[in-house]
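> Turn this into a model:
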Amino acid sequence: MVATSDNVLDSTTPTGMMLAYVMSICAEWERVMASQRSADMRAKARREGRYVGGQLAYGYRAVRQPDRSFLVEADPEQAKVVRAMIAWRLDGWSIGRIRRELNDRQVPTPRGGGFWQQNSVNRILTSPTLLGYTMHQGRVVCGEDGMPVQFAEPLATDEEYKALLTMADESKKTEFYGNRPKKPVTETYLLKDLARCGNCGERLYRYSRTRPGNRPDEPIYRCAKHRKNCDKVPEILLPKLERVVIEAVMGDLDDTEVFAKEFVPANDVADRLVKINRAIDQHRGDRAAGVWDGDDERFRQIMTRLIDERKRLEALPQTQAHWRNVPTGTTYGQRWAEADLEGRRELLALAGVELVVCANENVPAPNWWKEAGPNRAQAKIHSRLVYLRWAIDSV
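Model prediction:
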């Protein structure tokens with residue numbers, strides 16, 4: 001633009017040029033302020049638990065109301081799937097077994113097609129959205145009181161969610177070899193995740209070994225690093241290794257009663273205290289990471305309220321959440337006779353079975369073998385040494 005038709009603004013003159021610059025700066029300022037006002041309005045709406053658009057977590061849907069606003073509610077079909085996943089997980093199913101069950105039932109994935117993956121299942125079962133919380137940029141949205149905002153009915157209770165997180169933490173660890181590495185997706189077999197290489201500590205997986213002539217392939221257990229850097233790979237015939245484990249463990253536990261793990265929730269005081277500590281940690285973490293949404297005064301007000309409430313609750317009697325063993329009325333022998341392959345593998349895992357296979361006598365035994373304890377066995381299959389132990393005492 002050079003000049004207006006009424007000659008009020010003529011950018012060819014010094015005065016007109018100055019006015020044009022001022023007007024462009026004001027227009028840019030207004031654009032930025034409008035964007036900020038819109039972001040502030042959306043942030044306020046989120047803090048009030050209102051839906052402001054975007055993709056919802058699996059299990060929820062947005063429903064338009066007569067006043068043209070949206071209400072978030074549980075999606076009938078997806079919520080049924082999520083609650084089934086929660087029940088399976090709390091019943092002791094692995095993430096992999098849940099994934100297979102969903103694929104076998106041809107349940108649509110969150111994106112509407114393809115196959116369920118373990119990461120997707122694990123993400124759903126550990127997301128705070130199970131409690132109906134609002135999420136923004138991967139963080140739980142908190143209200144003016146500093147506590148998480150609930151935008152819809154929860155799909156899991158607080159006790160169920162705590163149990164799911166506890167199981168997720170436990171699945172990342174193993175007692176003897178530190179953090180578990182990622183493993184390839186494989187079929188179910190009896191000693192899956194239970195047997196390890198005595199040389200490198202990796203899991204033993206099921207493979208098929210080709211035999212000469214027209215003889216059928218034979219199943220074996222072999223270290224996952226057999227083609228990498230494990231120089232003492234223990235190959236062992238699958239039927240022989242499984243027979244040793246079954247005879248040792250089930251021979252000892254056949255008449256032993258099976259105990260199931262039951263989650264005991266915290267009382268209201270301890271439950272409220274956990275939520276407040278979680279909110280305090282989130283606010284401090286957001287501020288340290290530079291993603292705190294607010295000024296310093298608001299941060300001080302929220303933290304003061306939360307810390308005062310924490311002090312008040314800490315002075316009251318508490319009952320912490322914990323697991324306890326509950327008798328089932330059935331023995332390991334009865335369960336074993338009724339279970340399928342997956343059920344038997346989970347029964348061995350419930351008994352705390354752990355075994356290490358060494359290629360030969362030059363590979364040292366695991367450290368736990370030196371410890372005293374009745375629930376263990378040793379076997380030699382050809383030149384392979386098998387060290388086995390389980391955690392359940394026979395009666």
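> what about the strands in the stretch 51-200 of the chain?
60-64, 70-74, 135-136, 139-140, 173-174, 178-179, 195-197 (DSSP state E, counting those that start in this stretch).
> want to try CSV for the ones you listed, with mean neighbour count and mean pLDDT as columns?
C-betas here are computed from N, CA, C, even on glycine. Formatted as CSV, the strands of the stretch 51-200 of the chain follow (neighbours: other CB atoms under 10 Å; pLDDT from 0 to 100):
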stretch, mean neighbour count, mean pLDDT
strand 60-64, 14, 84
strand 70-74, 16, 82
strand 135-136, 16, 74
strand 139-140, 18, 76
strand 173-174, 12, 44
strand 178-179, 8, 40
strand 195-197, 25, 89
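> Using TSV, lay out those together with distance to residue 42.
Output for the strands of the stretch 51-200 of the chain, formatted as TSV (distance: least, CB to CB, whole Å):
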stretch	distance to residue 42
strand 60-64	15
strand 70-74	13
strand 135-136	9
strand 139-140	15
strand 173-174	40
strand 178-179	39
strand 195-197	51
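> Buried residues in stretch 302-320, which are they?
302-303, 306, 309, 313, 318 (16 or more other CB atoms under 10 Å).
> Out of the strands of the stretch 51-200 of the chain, which is closest to residue 221?
strand 195-197 (5.9 Å; CB to CB).
> outside of that closest one, which residues touch it?
Defining contact as CB atoms under 8 Å, 6 or more residues apart in numbering, one finds that strand 195-197 is touched by 177, 202-204, 221, 223-225, 230, 233-234, 241, 354-357.
> one more time with 10 Å
When contacts are defined by CB atoms under 10 Å, 6 or more residues apart in numbering, strand 195-197 is touched by residues 174, 176-177, 189, 202-206, 221-226, 230, 232-234, 236, 241-242, 245, 353-359, 363, 366, 386-388.
> just stretch 341-350 next, same as before
Identification of contacts with stretch 341-350 by CB under 10 Å, 6+ apart yields 92-94, 96-97, 100, 187-194, 242, 245-246, 249-250, 253, 258-261, 332, 335-340, 353-355, 390-392.
> Strands of the stretch 201-350 of the chain, start to end?
Under DSSP E, counting those that start in this stretch, the stretch 201-350 of the chain gives strands at 204-209, 218-223, 236-237, 257-264, 322-331.
> Among these, which comes closest to residue 115?
strand 204-209 (21.2 Å).
> Tell me the gap between the closest one and the middle of its chain.
28 Å (CA atoms, centre = their mean, to the nearest Å).
> name the helices or strands packed onto that strand?
Here strand 204-209 touches strand 195-197, strand 218-223, helix 238-253, strand 354-358, going by 3 or more CB pairs under 10 Å, 6 or more residues apart in numbering; DSSP states H and E.
> That strand: which residues count as buried?
Those would be 204-207, for strand 204-209 by 16+ other CB under 10 Å.
> Work out the sheet partners of that strand and label each with its direction, please.
Paired strands of strand 204-209, with direction, are strand 218-223 (antiparallel) (DSSP bridges).
> Show me what the strand it pairs with is in contact with.
By CB under 10 Å, 6+ apart, the residues outside strand 218-223 that reach it are 189-192, 195-211, 230, 232-242, 355, 357, 359, 384.
> Buried residues in that strand, which are they?
Those would be 220-223, for strand 218-223 by 16+ other CB under 10 Å.
> Stretch 355-366 too?
Under 16+ other CB under 10 Å, the buried positions of stretch 355-366 are 355-359, 363, 366.
> Compute the distance from the centre of the longest helix seen in the chain to the centre of its chain.
Longest helix in the chain by number of residues (criterion: DSSP state H): helix 14-47. Here helix 14-47 is found 43 Å from its chain centre; the criterion is CA atoms, centre = their mean.
> ok so, going back, tell me the least confident of the buried residues of strand 218-223?
Taken together, these show their lowest pLDDT at residue 223, with 83.
> On the pLDDT front, check residue 231 for me.
Confidence score, pLDDT, at residue 231: 66.
> right, I mislabeled it, should have said residue 289
We have a pLDDT of 80 for residue 289.
> got the contact list for residue 126?
Here residue 126 is in contact with 89, 161, 164-165, 167-169 (criterion: CB under 10 Å, 6+ apart).
> Let me have those in CSV, extended by neighbour count.
CSV is the format used below for the contacts of residue 126 (neighbours: other CB atoms under 10 Å):
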residue, neighbour count
89, 22
161, 19
164, 22
165, 13
167, 20
168, 14
169, 10
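> mind listing which of the residues you listed are in helices?
Judged by DSSP H, those include 89, 161, 164-165, 167-169 as members of helices.
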